[in-house]
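S.K.: Kindly return the folded structure for what I paste below:
(chains A and B)
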Amino acid sequence: AQTVTQSQPEMSVQEAETVTLSCTYDTSENNYYLFWYKQPPSRQMILVIRQEAYKQQNATENRFSVNFQKAAKSFSLKISDSQLGDTAMYFCAFRVPLTGTASKLTFGTGTRLQVML
Amino acid sequence: DTGVSQDPRHKITKRGQNVTFRCDPISEHNRLYWYRQTLGQGPEFLTYFQNEAQLEKSRLLSDRFSAERPKGSFSTLEIQRTEQGDSAMYLCASSPNREPYLSTNEKLFFGSGTQLSVL
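M.R.: Modelled structure (predicted):
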């Protein structure tokens, strides 16, 4: 079974500063996908960034980037130039793309990020 | 395209009552998922549909839960004889995947959920 661990229940950052959210996972699979989702107060889960395990290059999406360490099973999210709109719960998630199964994401427990003026 | 829509946004019910939630996926999305999110936890997979066929159910989905997607468009999730442990947010997601069991490059679009409180 796969597990996802987010050890930081809450974090805060000043506007325009950089913050890193941690995520570790456990799996015996070699091919998988990792995700960071954002859940603002509106409750809608929004995909922030995705990483494919077979790709060594870290994914980036504008101000969001990841540090993917496959051997260490670590997948941290870095948010640069933090904005007030980044305030939300952030969930790390994992999926094994097996034929014969749907996109069953395994989520961590989340990190609540507060961006302050 | 207005995204995935869920109704109602909030539902308060008494223990033992039946409740039904509705999800309208993005138009022409073939695949539809239900997830449950309890307080302080991430969402957990409940079930999914490929068009009108329910192809997989989690062990979390007890006999009191039933989901349907009669015409391959909107879906309903019914909980019979609700219990306090059913209190959670029920999230719906959809994706355009056409292959029933292939999820290699799938992207999910989530709704804003239905928050259920069982008193």
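
S.K.: wait, what's in contact with the residue most central in space within chain B?
M.R.: Residue closest to the mean C-alpha point of chain B, counted by C-alpha atoms, centre = their mean, is residue B:34 at 2.7 Å. Residue B:34 is in contact with B:23, B:46, B:47, B:48, B:67, B:75, B:77, B:90, B:91, B:92, counting by C-beta atoms under 8 Å, 6 or more residues apart in numbering or on different chains. Any C-beta I mention is one placed from the backbone N, CA and C, and that applies to glycine too.

S.K.: Next, the first one: secondary structure please.
M.R.: Residue B:23 carries the three-state label strand when classified by DSSP: H, G, I helix; E, B strand; the rest coil.

S.K.: pretty sure it contacts residue B:6?
M.R.: Yes - counting by C-beta atoms under 8 Å, residue B:23 touches residue B:6, with 5.2 Å between them.

S.K.: Could you list the low-confidence segments of chain A?
M.R.: Applying pLDDT under 70 to chain A picks out residues A:98-103.

S.K.: what kind of secondary structure is the residue in chain B positioned nearest to chain A in?
M.R.: Chain B approaches chain A most closely through residue B:42 (2.7 Å), counting by C-beta to the nearest C-beta. Secondary structure, three-state DSSP: residue B:42 is coil.

S.K.: And for stretch A:17-34, what's in contact with it?
M.R.: Residues contacting stretch A:17-34 (C-beta under 8 Å, 6+ apart): A:2-8, A:11, A:13, A:36, A:50-54, A:66-68, A:72-82, A:90, A:92-97, A:108, A:111, A:113.

S.K.: Any of those residues buried? List them.
M.R.: When the contacts of stretch A:17-34 are checked for burial by 16 or more other C-beta atoms under 10 Å in any protein chain shown, the buried set is A:4, A:6, A:8, A:11, A:13, A:36, A:50-53, A:66, A:68, A:73, A:75-79, A:82, A:90, A:92-97, A:108, A:111, A:113.

S.K.: out of these, who's near chain B?
M.R.: A:4, A:93, A:95, A:97, A:108 (C-beta under 8 Å from any C-beta of the partner chain).

S.K.: isn't there a helix covering the first one?
M.R.: No - according to three-state DSSP, the state of residue A:4 is strand, so it is not within a helix.

S.K.: so where's chain B uncertain?
M.R.: B:1, B:98-105.

S.K.: Give me every residue in it lying close to chain A.
M.R.: B:3, B:31, B:33, B:35, B:40-45, B:48, B:50, B:55-56, B:89, B:91, B:93, B:95, B:97, B:101-108, B:110-113, B:115.

S.K.: are any of those buried, and which?
M.R.: For the residues of chain B next to chain A, a burial check counting by 16+ other C-beta under 10 Å picks out B:31, B:33, B:35, B:42-45, B:48, B:50, B:56, B:89, B:91, B:93, B:95, B:97, B:102-103, B:106, B:108, B:110-113, B:115.

S.K.: hmm, back to that, what about the closest residue in space to the residue of chain B closest to chain A that isn't next to it in sequence, how many neighbours?
M.R.: Excluding its sequence neighbours, the residue lying closest to residue B:42 (C-beta to C-beta, 6 or more residues apart in numbering or on different chains) is residue A:107, at 2.7 Å. Using other C-beta atoms under 10 Å in any protein chain shown, residue A:107 is surrounded by 21 other residues.

S.K.: Also residue B:69?
M.R.: Residue B:69 is flanked by 22 other residues according to other C-beta under 10 Å.

S.K.: Over in chain A, which residue gets nearest chain B? Let me know.
M.R.: residue A:107 (2.7 Å).
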